[in-house]
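Q: This is the structure alone, sequence omitted:
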């Protein structure tokens, strides 16, 4: 690995870390409270760790690094430059919505079948917004943007 590749890898990690920290702050405070001043350290964070929803902190890491590290494999396996077009984040968003819907449907179908009901009803968008899963595709899109930016920078130099 030459010095240019080391600098590019360091820049990618810096950009990715900044984007993930921004996503974490939105996840922990909510999008409507991001612009309001808050104390630097929340004392409840350190005293009540068992009350945290750890999915909010783990899913963005998994989404970012899963997409960032798998883009080269996707390009070589499918022998296309699909990952360098807008199609990849659209496919990621569609399949993540379908996967979440399928998991929620199977979950609620099991609950309703145990209750003896044949009709499965649930509020998909309400459940999706109240869950921490939507940070996974958002972080995946940020991973795609980071990889795309690093690819463009490496081509220019």
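A: Sure, I can see it. All values reported here derive from a predicted model rather than from experimental measurement.
Q: now residue 118, what's its secondary structure?
A: Secondary structure state of residue 118, per DSSP: H, G, I helix; E, B strand; the rest coil, is coil.
Q: as a whole number, average confidence for the helix or strand hosting residue 72?
A: Assigned by DSSP states H and E, residue 72 belongs to helix 55-78. Mean per-residue pLDDT for helix 55-78: 81.
Q: pLDDT-wise, which helix or strand of this structure ranks last?
A: Least confident helix or strand, the chain: helix 43-47 with a mean of 52, by mean pLDDT, DSSP states H and E.
Q: now for the longest helix anywhere in the chain, which elements pack on it?
A: Using DSSP state H to define each element, the chain has its longest helix at helix 87-115. Judged by 3 or more CB pairs under 8 Å, 6 or more residues apart in numbering; DSSP states H and E, the packing partners of helix 87-115 are helix 55-78, helix 124-130, helix 135-156. Yep, even glycine has a C-beta here, placed from its N, CA and C like the rest.
Q: Most tightly packed of those helices?
A: For the helices and strands packed on helix 87-115, average neighbour numbers computed from mean count of other CB atoms under 10 Å are highest in helix 135-156, which has a mean of 19.
Q: what's the angle between that helix and helix 87-115?
A: Interaxial angle, helix 135-156 versus helix 87-115 (axes from the mean of the first three to the mean of the last three CA atoms, to 10 degrees): 170 degrees.
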